[in-house]
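Undergrad: Give me a model of this one.
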Amino acid sequence: MRDFTLSNVRILFATGITTETTLAIEDGQVAAIGNRAGHDSWDGNGLLALPGIIDLHGDAFERQLMPRPGVHFDTPLALLDSDRQLVANGITTAYHALTYSWEPGLRSRTAGRRFMDVLHSMHARLACDTRLHLRWETFNLDAEDEIAEWLANDRISLLAFNDHTPGMVREAARPDKLHKYVERSGIDSNEFSLLLDQVYERRTDVPAAIARLAAIAVTAGIPMASHDDETPEDRQHYAKMGCKISEFPKTEATAKTARDAGHDIVMGAPNVVRGGSHLSAVSAADMVARGLCTILTSDYYYPALAQAAFRLARDGVCDLTQSWKLISENPARAAGLDDRGTLELGKRADIVLVDDSVPQLPRIVATIVAGKPMIFGDVRLPEPISFRAAS
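TA: Numbering: from 1, shown residues only. Presented below is the predicted three-dimensional model:
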């Protein structure tokens, strides 16, 4: 691995942004901060140097797998394309949020197992440190044994409890809602409705399955998230099982319950960038302002993470030091990643270089992942530089 010095950059620390200084990178880690000779030097030209972005929940990769209903592309190609999008948007650690459902098609068990196997086999080829966030649809009861095995064998980095089936039952009477599910399943509406009824008949078995898998995750040290908590009671229920992340709580009261317990609260960065939720849910920016959001995720749009942090600062919700923690330091802590999330001596050299000269549209110029540069813009490189295929 090549060592180098990144000079003439403004560095974001916990206490604020420094004036222009240098970062020495050795063996993929931050080795020194301040003047240090003896390495090839990149001139950062006054760019901002920020900790690499950690995305705990991103499912935009589904659009690379199936960009149009019924139009499928091979998983290796989809993962490579998603990987390029991730690093181009400053994301250095990504948790692909794979929905593992009883549904046929895109979110089926067959598709999920194939995705997991390909992700595992391609890990060394991907520029971003890419991990698996398994979004288990809790009515997918037949998958319990294999999920238990994956948890015990460290195949899953984050387990989320999704409970969309009751809502699907309520919506199935509306043709427009049912059509959405049918499109991604690959079966007709009558077949889907029959399958949905059969799955829902087993609803009394769901709570025990959740409890069993939660206990295995706790033993294995795998962080857990409850998705779309409806009420404070929902949050308390999952918290008792060791689930310390509340993803997209539906109400402010539910988020307050998580906050009061010292648990993390996840909201979507697209919500911030767009100025509100596309589903008319709570405003993520308002939740940040009230101390009811500790982590932002890309959800369905990778560019939103960096843009959301800068927008929160522009709008006066919080300064950039605090808003960037929502996409770096805080998700690292929640996921148990002690080696990243901040720019400190001895930590991974996961760095994003940003041109903030146009405040309304900050531009990512380069991303460095564990000391490896991914260049997109006008950073001046030392000569010579060589590129090699992954071994």
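Undergrad: Give me the below-cutoff pLDDT ranges for this structure.
TA: Within the chain, the stretches with pLDDT under 70 are 1, 36-39, 279-280, 377-391.
Undergrad: Recalculate using a threshold of 80.
TA: Within the chain, the stretches with pLDDT under 80 are 1-2, 35-40, 176-177, 276-281, 375-391.
Undergrad: Map the structural domains onto the sequence of it.
TA: 4-51+342-375, 53-164+197-335 (automatic domain parsing).
Undergrad: Would you mind giving those domains as CSV with mean neighbour count and distance to residue 181 added?
TA: Just so you know, the C-beta spots here come from the backbone N, C-alpha and C atoms, and that holds for glycine as well. Converted to CSV, those look like this (neighbours: other CB atoms under 10 Å; distance: least, CB to CB, whole Å):
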stretch, mean neighbour count, distance to residue 181
domain 4-51+342-375, 18, 36
domain 53-164+197-335, 20, 7
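Undergrad: Redo the ones you listed as a markdown table? Include distance to residue 175.
TA: Below are those laid out as a markdown table (distance: least, CB to CB, whole Å):
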| stretch | distance to residue 175 |
| --- | --- |
| domain 4-51+342-375 | 40 |
| domain 53-164+197-335 | 16 |
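Undergrad: For residue 221, which residues are in contact?
TA: Applying CB atoms under 8 Å, 6 or more residues apart in numbering, we find residue 221 in contact with residue 336.
Undergrad: Report the separation between it and residue 293.
TA: Distance, residue 221 to residue 293, by CB to CB, to the nearest Å: 25 Å.
Undergrad: do the same with residue 180
TA: Using CB to CB, residue 180 is found at 27 Å from residue 293.
Undergrad: Over to residue 12?
TA: Distance, residue 12 to residue 293, using CB to CB: 20 Å.
Undergrad: again with residue 335
TA: For residue 335, the distance to residue 293 equals 16 Å [CB to CB].
Undergrad: now residue 185
TA: Relative to residue 293, residue 185 is positioned 33 Å away (CB to CB).
Undergrad: same question, residue 241
TA: Applying CB to CB, the value for residue 241 to residue 293 is 23 Å.
Undergrad: Please apply the same query to residue 49.
TA: Separation of residue 49 from residue 293 (CB to CB): 25 Å.
Undergrad: do residue 7 as well
TA: From residue 7 to residue 293 the distance is 35 Å (CB to CB).
Undergrad: ok, now residue 24?
TA: Distance from residue 24 to residue 293, counting by CB to CB: 34 Å.
Undergrad: and the nearest residue to residue 290 once chain neighbours are set aside, what does it touch?
TA: Leaving aside its sequence neighbours, residue 290 sits nearest to residue 252 (CB to CB, 6 or more residues apart in numbering; 7.4 Å). Shown in contact with residue 252 (CB under 8 Å, 6+ apart): 282, 287, 290, 292.
Undergrad: quick revisit: closest to residue 171 out of the domains of the chain?
TA: Residue 171 lies closest, by CB to CB, to one member of the domains of the chain: domain 53-164+197-335, at 9.8 Å.
Undergrad: who are the neighbours in contact with residue 258?
TA: Taking CB under 8 Å, 6+ apart, we find residue 258 in contact with 229, 235, 239, 246, 249, 264-265.
Undergrad: So what touches stretch 323-335?
TA: The contact list for stretch 323-335 (CB under 8 Å, 6+ apart) reads 12, 14, 50-56, 93, 95, 157-158, 223, 244-245, 264, 269, 288, 293-297, 305-306, 308-310, 312-313, 317, 337-338, 340-342.
Undergrad: Restricted to helices, list the residues you listed.
TA: Among the contacts of stretch 323-335, the members found in helices (DSSP state H) are 269, 288, 305-306, 308-310, 312-313.
Undergrad: Please identify which two of those residues are farthest apart in space.
TA: Counting by CB to CB, the most remote pair of the ones in helices among the contacts of stretch 323-335 is 288 and 306, 15.4 Å apart.
Undergrad: distance of the residue nearest to residue 290 from residue 291?
TA: Counting by CB to CB - residue 252 and residue 291 are separated by 11 Å.
Undergrad: do the same with residue 110
TA: Going from residue 110 to residue 291 by CB to CB gives 43 Å.
Undergrad: go on, residue 96?
TA: To residue 291, residue 96 is 29 Å away according to CB to CB.
Undergrad: Residue 216 against residue 150, yeah?
TA: No - using CB atoms under 8 Å, residue 216 is not in contact with residue 150; the gap is 9.7 Å.
Undergrad: ok so, going back, just the ones of the contacts of residue 258 in strands?
TA: 246, 264-265 (DSSP state E).
Undergrad: Not counting its own residues, what contacts stretch 286-297?
TA: Counting contacts by CB under 8 Å, 6+ apart, the residues outside stretch 286-297 that touch it are 55-58, 245, 252, 255-256, 259, 264-269, 272, 284, 305, 308-309, 312, 317-318, 323, 326-327, 330-331, 334.
Undergrad: Convert the C-alpha atoms of stretch 274-282 to CSV, please.
TA: What follows is stretch 274-282, C-alpha atoms only, in CSV (Å, rounded to 0.1, in the frame of the first residue of the first chain):
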residue,chain,number,x,y,z
ARG,A,274,-35.9,17.3,-0.3
GLY,A,275,-37.2,19.3,2.6
GLY,A,276,-39.5,16.6,3.9
SER,A,277,-40.6,13.0,3.6
HIS,A,278,-42.0,11.7,0.2
LEU,A,279,-44.4,9.6,2.4
SER,A,280,-45.6,12.5,4.4
ALA,A,281,-43.8,11.2,7.5
VAL,A,282,-42.0,13.2,10.1
